[in-house]
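1. Sharing a model prediction with you, sequence too.
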Amino acid sequence: MFETLQPAPADKILALIGLYRNDPRPGKVDLGVGVYKDIDGKTPVMRAVREAEKRLLASQDTKTYLGLAGDTGFNAAMIKLAFGDKADHSRIRAAQAPGGSGALRLVAELLQRTRTGATVWLSDPTWPNHPPVMRAAGLQVRDYPYFDAASGAVRFDEMLAALKTGNSGDVVLLHGCCHNPTGANLDLDQWAKVADVLLERGLLPFVDIAYQGFGEGLDADAAGLRLLAERVPEMVVASSCSKNFAVYRDRVGAAMILAKDGAQADVAMSQMLAAARALYSMPPDHGAAAVRMVLEDAGLRKDWETELEEMRLRMLRLRVAFAEALRRQSNSDRFDFVASHRGMFSRLGLTEAQVERLRTEHAVYMVGDSRINVAGLPEDGMDDLAKAIVSVLD
């Protein structure tokens, strides 16, 4: 039977990992992989998470099933983290999911059950896994303009114009903060204008918030999501703990629903859990339990917020230093936008050929669309990196 299959296309980011690992050149630079790195190039377990895991192992006396929704305490904590205290929590439901990708797929399955073959609008560009996840659930995909590679800014007027052509019942996927792959984000006034269009056209917002705390801070990064929650009757959210708790391999995420009232929220939740049953049944417990413990314990939460803020500020410093180095080496302001972007990524606006030259000639590794992981920037080698980038410009 399997002789009918053809090899699946290789994942470009995973392939990049292999190329970097096998490169013997000293001083090679990895700006490709989407994980936070400290000054030593490591991705450590966060202090509060490590302590929570110790307590969890000491107190856990069973490994029995928790149920389709997973850890209910985790779900409640994730609702509060995303929506804040002022939202109408009686209209919100959440299910623990296997990471942000699992949350995206779970919400997509709910959307398919709600409106078969619905159209999901995605930013151009967006995270490469968004389209296949939506299509795998049976949904249709369209793009809205988002990023101007020349200026590094959001193409906001074009974005609104495209969304105004959407049909009632269409879904608009919005990056809650720290846009991946560009780092260019909406301000609060722009979120308000997006909300106007969503209400005017009858569009359902779908917020993917995978980097809360990496941009302007925990509450500021959720401001757009919370604004929508105050204004729209319905919305869906996919949240990930991979980055802000550094629990990448533990697969910790949450799929959330905001409905018109509690009764509709319960019905939607029942359908989402039915989808979960067919996909994976039960989400993994360990990582979510550790995250719950961190969010519920005042001391652990304070330590987590402190370390998360240290990570955020370090990435901001790296952004500024990189932009300044590029300005020195290029004698231009072409890359100044890097300093104003937020989150773990920026997109430099290089061609694939230029990215390839950086890899082959300078041992600088980045994704083909020139997305860089800011946390991977070499603190003591900014000018050398900037010089390499300038050398491949036309």
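-> Arrived safely.

2. Return the distance of residue 186 relative to residue 239.
-> Taking CB to CB, to the nearest Å as the criterion, residue 186 is separated from residue 239 by 18 Å. Where you see a C-beta, it was placed from the backbone N, CA and C, and this is true even at glycine.

3. Kindly report the same for residue 18.
-> 30 Å.

4. So for the two, which sits in the more crowded spot?
-> residue 239 (27 against 10; other CB atoms under 10 Å).

5. what phi and what psi does the backbone show at the residue positioned nearest the centre of the chain?
-> For the chain, the residue nearest the mean C-alpha position is residue 210 (3.1 Å; CA atoms, centre = their mean). Backbone torsions of residue 210, given as degrees, to the nearest 10, read phi -110, psi -10.

6. from what I can see residue 377 touches residue 320, true?
-> No: contact criterion CB atoms under 8 Å: residue 377 and residue 320 do not qualify, at 10.7 Å.

7. can you pull out the strands in the stretch 151-300 of the chain?
-> Using DSSP state E, counting those that start in this stretch, the strands assigned to the stretch 151-300 of the chain run over residues 153-154, 171-175, 204-209, 235-240, 252-258.

8. tell me the most buried of these?
-> Each of the strands of the stretch 151-300 of the chain was scored by mean neighbour count; the highest is strand 252-258, a mean of 29, by mean count of other CB atoms under 10 Å.

9. Pull it out as CSV, backbone CA atoms only.
-> As requested, the backbone C-alpha atoms of strand 252-258 are provided in CSV (Å, rounded to 0.1, in the frame of the first residue of the first chain):
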residue,chain,number,x,y,z
VAL,A,252,1.2,22.9,26.9
GLY,A,253,-1.5,25.0,25.3
ALA,A,254,-5.1,26.0,25.7
ALA,A,255,-8.1,26.4,23.3
MET,A,256,-10.6,29.0,24.4
ILE,A,257,-14.1,30.1,23.4
LEU,A,258,-15.9,33.3,24.1
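
10. Output the contacting helices and strands for that strand.
-> When contacts are defined as 3 or more CB pairs under 8 Å, 6 or more residues apart in numbering; DSSP states H and E, strand 252-258 packs onto helix 72-83, strand 92-98, helix 99-114, strand 235-240, helix 262-279, helix 286-296.

11. Of the ones you listed, give the one that comes closest to residue 13.
-> Taking CB to CB, helix 99-114 is the member of the helices and strands packed on strand 252-258 nearest to residue 13, at 13.4 Å.

12. ok, residues contacting the closest one?
-> With CB atoms under 8 Å, 6 or more residues apart in numbering as the test, helix 99-114 has contacts from 95, 97, 118, 120, 129-130, 133-134, 136-139, 171, 204, 206, 208, 210, 236-240, 242, 251-255, 257, 268, 271-272, 275-276, 279-280, 283.

13. can you list the domain ranges for this structure.
-> As assigned by automatic domain parsing, the chain contains the domains 10-44+302-391, 49-296.

14. okay, residue 287: pLDDT?
-> The model reports residue 287 with a pLDDT of 98.

15. Show the contacting residues for it.
-> Residue 287 neighbours (CB under 8 Å, 6+ apart): 241, 245, 247, 250-252.

16. same question, residue 379
-> With CB under 8 Å, 6+ apart, residue 379 has these contacts: 39, 318, 321.

17. Pick the one among the contacts of residue 287 closest to residue 192.
-> residue 241 (28.0 Å).

18. before we move on, the earlier item: return the closest of the contacts of residue 379 with respect to residue 218.
-> Nearest to residue 218 among the contacts of residue 379, with distances taken as CB to CB, is residue 318, at 20.1 Å.

19. just checking, that closest one touches residue 373?
-> No: judged on CB under 8 Å, residue 318 makes no contact with residue 373 at a distance of 10.1 Å.

20. what residues are shared contacts of those two?
-> Common neighbours of residue 318 and residue 373, using CB under 8 Å, 6+ apart, do not exist here.

21. that older thread, who has more neighbours out of residue 377 and residue 320?
-> residue 377 (22 against 13).

22. residue contacts, the nearest residue to the more buried one once chain neighbours are set aside?
-> Using CB to CB, 6 or more residues apart in numbering and skipping the chain neighbours, the partner closest in space to residue 377 is residue 318 (4.6 Å). By CB under 8 Å, 6+ apart, the contact set of residue 318 is 374-375, 377, 379.

23. Columns secondary structure, pLDDT and distance to residue 390 on top of these, output as a markdown table?
-> Shown next, in a markdown table, are those (DSSP: H, G, I helix; E, B strand; the rest coil; pLDDT from 0 to 100; distance: CB to CB, whole Å):
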| residue | secondary structure | pLDDT | distance to residue 390 |
| --- | --- | --- | --- |
| 374 | helix | 96 | 18 |
| 375 | helix | 95 | 22 |
| 377 | coil | 96 | 15 |
| 379 | coil | 91 | 19 |
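
24. Can you tell me which of these is nearest residue 33?
-> residue 375 (9.8 Å).

25. Excluding residues flanking it in the chain, which one is nearest residue 295?
-> Per CB to CB, 6+ apart, closest to residue 295 is residue 77, 4.0 Å.

26. Show the contacting residues for the one you found.
-> Residue 77 touches 291-292, 295-296, counting by CB under 8 Å, 6+ apart.

27. Which ChimeraX command selects the buried ones in these?
-> To isolate the buried subset of the contacts of residue 77 in ChimeraX, counting by 16 or more other CB atoms under 10 Å, use the following:
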select :291,292,295
